[in-house]
Structure formats: C-alpha cells, structure tokens
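Novice: Sequence plus the predicted model coming up.
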Amino acid sequence: MDLTPDAEGIGQLSLDIKTSGFTERVNFEGIKVYPNLTTAVRTLSKTGKGDEISYLKNQAWSIEFANAPVQKEAFRDVFKTSGKILSAPGDETILTAKSSGTVLFTGNKTIPGTAVNIGDRLFTISGGGLTQGNPETIYKDAQVKYEQAKADFERAEALVKDKIISEKDYLQAKTNFETVSNSYQVIAKNYSSAGQIITSPINGYVKNILVREGQYVEAGIPMAQISKNKKLLLQAQVSQKYYNKLPSFTAANFRMAGDPIVYDTENMNGKVVSYGRSSSTNSTFVPITFEVDNVGNLIPGAVTEVFLKSNILPDALVIPVEALMEELGNYFVFIQTGGETFIKQEVKLGGNDGKKVQVLSGLNEGDRVVTKGAYAIKLASSTGAIPEHGHSH
C-alpha cells in the first residue's frame, strides 16, 4: 500500500481497524516523512548499517525481481567448450533424379524448412524436347514391353495346359513377364503426362534444395535433402591436453548462440555415442559426440556453447548463474539481509554448468541472493537514484 503525505517532516501514522465486532485505532508516533521516494532511498542508503543497501519493496515491485537460496546439492565437475549441432546419421535422406530431364518445382514444398509428408510431390522431371533419356519415351517403351510380355505369358499359360508348349517355355514366359512388369511398375509409379514425379519418401522437413528450376539433370543426380529431425548430434570440441578427461564426460548442458535457453542432454534421452581417438591434421581439438532427441527448437548446423559434465561433487555450494554480476573480472552477488536491505558480496567461483555455478567462498548455505533485479540494486547503490520504469537505457 502506497501512502502519499501532503507535507514532509515528523508525523503520526494512524491505522483504523474495523470489524463487525469492534473498532480500534493504532497510532505510530515519530514517523519521518520524506518529500519523495528518491530522497527516501538516498537518505536510507546513506544511513544503512555497515555496507547495507536499502532497496524499498515498492521499488522491487516495479521491476522483475526474484531471489533464491544458496544451497548444497550434487554438482558435476564441468568443462566449458564450444560445439555444433549436427543431423544424426540415418535421420536424413537424399532425393535423386530417377531419369534425365529438366527440373520443374511442384507447389511450395521446395522451400527449405517446409514440412513434408510421405508422398508429397516436390519435383517433376520433364523430358520434353529430349532425344535421349526422355521420361515419356522411357515410359511408353516400358508400357509396350509390359503389354507384350503380358500377352505372351497369357498365351503360354493357355498353351501349357494343352501341352502344346513345354513347361520350360511356360516358365520362361512367366519369368520374363514378372521382370518386365516390375520395371514397368517402378516407372509408372511416379510418371505423369508432365514427366517423372519426385516425391518425399519420409515425413520430415526440407533441409536443402540442391537443384534450380529449369536445370537439366541426369539420372542419379541429388536434388534435395529431407530430414526427419527426430534425432540430433551435439558435437563438442575438446583441446588435446584434456584428452584423458574425455571418457569421464557423461552428459552436457548446452545453448545455441544468442539463445538464453540451456538444454540438458540428460533430459533429452541423450547419450555419448563417440569420442575422438585422435585429432585431424588441421585441428588441435578432439571431438566428443552426444545423440539427443530433438525437442523442436534446435537447428542442425547451429554453433553452441557446451558445458561438459563429468564427476559428481556431492555437497557443492551452488547458486543460479543469473545471480552473478561482474566488475573488472571479479564476480559478486547481492545478498538479501532483510526485507528491504542488501549487501554486495564478492564470490570465488568453481565450475559452471550453464544453469548453476559452484561457489568456493563468499557465501554460506541459507543466504539468499538476488537472481532478478540485481542491476537495479547496483544502480541504486551507486547513485542513490531509482532507475526510471525499473530499468535503465
């Protein structure tokens, strides 16, 4: 509840308590009244006990403010490095041209990132004007051979019953018909009057288009990459001098560049699938690779910040990384000592897993540190002023 007195000075605050059974007034004498909130903050900050900083509750209410307890918990020894998100083997397929011809795009399914289903049409290969490898000519030729083989087989089937031809001749006609029929069905399956149709063989999304509309392609030329995007690989690079630590890394936290969200491989059905036994001639780093479920927001090819986790420390003193403030390479936090009082405390840090950081000195278990709004408290402590609208531009 905010009160705005008409004048500054020493006053009396009276509270009237009314219920259905009684009415009572409580008086508070000798209340110091300041002309405005800024003066109150500046005065209280100067008269605070020791290094305490006053930050009134109505100031905290005007910004995004939160605190968290310093506590002991199991914490993994952490190694920070960089990495990259890759598509998992077997999670992608390459569409290739089934015949030679000119590429025609079908609809809007050929835009990278577009979701596709099995059977969705992506391309048509037209053979119009081609003298060789023309899809229409190939189809008609296969159709003629199919009809001829079918007629020969039906004739042989009738003749063998009357023993006019031998069983050997009948089986030869049957085998020829089955071979020609299979070839014809394959060609006819994706043929239309416009040309050879190329469809998606899986559910997924279009990762990359490898041809241009109007381009001439030969049979077997790659045309597009389709990804299921269900599984991904997280590949982290570790310096050679830490090679002996690779077998101890069992999980990792990571985040994509520019993304504040931290992902944990242990929450994504993650597992280590390999780690390098040697480095390449062009690199001094050795890779370690995790396979994870794609939670829907991860992009293959994205650069990541990776926190490799190994040995468990059973009683590490930890705080959220959001509580840390940095000045000239030193780290500090704001400890809440009362409802409206805080102190600035320098801390020495251990491992950092991207979500929490180990504190080696400067804090005790049970202290409460500011995790949101620390910058506003820092600004108020240095200027005695209240940042407009709860933040500073």
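Specialist: Right, received. Where do you want to start? Here the structure is a predicted model, which means the values were calculated and not measured.
Novice: Low-confidence ranges, the chain, go.
Specialist: 1-3, 37-51, 55-62, 127-136, 188-194, 278-282, 296, 381-393 (pLDDT under 70).
Novice: centroid residue for it?
Specialist: residue 298 (3.0 Å; C-alpha atoms, centre = their mean).
Novice: Spit out the contact partners of that residue.
Specialist: 85, 232, 256, 263 (C-beta atoms under 8 Å, 6 or more residues apart in numbering). (Glycine included, C-beta is placed from N, CA and C.)
Novice: Can you name the two of those that sit furthest apart?
Specialist: 232 and 256 (11.6 Å; C-beta to C-beta).
Novice: ok, the two, which is more surrounded?
Specialist: residue 232 (24 against 18; other C-beta atoms under 10 Å).
Novice: which residues does that one form a beta bridge with?
Specialist: Beta-bridge partners of residue 232, counted by DSSP bridges, are residue 87, residue 292.
Novice: Now do the residue nearest to the centre of the chain against residue 164, distance only.
Specialist: 69 Å (C-beta to C-beta, to the nearest Å).
Novice: swap in residue 181?
Specialist: For residue 181, the distance to residue 164 - C-beta to C-beta - is 24 Å.
Novice: Please state the offset of the strand or helix carrying residue 186 from the chain centre?
Specialist: For residue 186, the host element (DSSP states H and E) is helix 167-189. The gap between where helix 167-189 is centred and where its chain is centred comes out at 51 Å by C-alpha atoms, centre = their mean, to the nearest Å.
Novice: Stretch 200-210 too?
Specialist: On C-alpha atoms, centre = their mean, the centre of stretch 200-210 falls 20 Å from the chain's centre.
Novice: Counting neighbours, which bits of that stretch end up buried?
Specialist: Buried residues in stretch 200-210, defined by neighbour count with 16 or more other C-beta atoms under 10 Å: 200, 204-207, 209.
Novice: Next: stretch 358-375.
Specialist: 358-359, 362-363, 367-374.
Novice: next one: stretch 267-280 to chain centre, how far?
Specialist: So, by C-alpha atoms, centre = their mean, the centroid of stretch 267-280 is 18 Å from its chain's centroid.
Novice: List the neighbours of the helix holding residue 186 that are in contact with it.
Specialist: In contact with helix 167-189 (C-beta under 8 Å, 6+ apart) are residues 138-139, 142-143, 145-146, 148-150, 152-153, 155-157, 159-160.
Novice: Pull it out as CSV, backbone CA atoms only.
Specialist: In CSV, the C-alpha atoms belonging to helix 167-189 read as follows (Å, rounded to 0.1, in the frame of the first residue of the first chain):
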residue,chain,number,x,y,z
GLU,A,167,6.9,-76.4,-69.1
LYS,A,168,10.3,-74.8,-69.7
ASP,A,169,8.9,-72.4,-72.3
TYR,A,170,6.0,-71.5,-70.0
LEU,A,171,8.3,-70.7,-67.1
GLN,A,172,10.5,-68.6,-69.3
ALA,A,173,7.5,-66.5,-70.4
LYS,A,174,6.3,-66.2,-66.8
THR,A,175,9.8,-65.0,-65.6
ASN,A,176,10.0,-62.5,-68.5
PHE,A,177,6.6,-61.1,-67.7
GLU,A,178,7.4,-60.7,-64.0
THR,A,179,10.7,-58.9,-64.8
VAL,A,180,9.1,-56.6,-67.3
SER,A,181,6.1,-56.0,-65.0
ASN,A,182,8.4,-54.9,-62.1
SER,A,183,10.3,-52.5,-64.3
TYR,A,184,7.1,-51.0,-65.7
GLN,A,185,5.5,-50.6,-62.2
VAL,A,186,8.6,-48.7,-61.0
ILE,A,187,8.5,-46.3,-64.0
ALA,A,188,4.7,-45.9,-64.0
LYS,A,189,4.5,-45.3,-60.2
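Novice: Please spell out which residues along that helix are buried.
Specialist: Here helix 167-189 shows 170, 173-174, 176-177, 180-181, 184, 187 as buried, counting by 16+ other C-beta under 10 Å.
Novice: before we move on, the earlier item: rebuild the buried residues of stretch 358-375 as CSV, extending it with distance to residue 311 and secondary structure.
Specialist: Formatted as CSV, those follow (distance: C-beta to C-beta, whole Å; DSSP: H, G, I helix; E, B strand; the rest coil):
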residue, distance to residue 311, secondary structure
358, 12, strand
359, 18, strand
362, 23, coil
363, 22, coil
367, 26, coil
368, 29, strand
369, 26, strand
370, 30, strand
371, 27, strand
372, 31, strand
373, 34, coil
374, 31, helix
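Novice: so which of those residues would you say is closest to residue 64?
Specialist: The closest of those, once distances to residue 64 are taken by C-beta to C-beta, is residue 372, at 5.0 Å.
Novice: Tell me how many other residues crowd the spatially closest residue to that closest one that is not a sequence neighbour.
Specialist: Once flanking residues are discounted, residue 372 sits nearest to residue 66: 4.1 Å by C-beta to C-beta, 6 or more residues apart in numbering. By the criterion of other C-beta under 10 Å, residue 66 has 13 neighbours.
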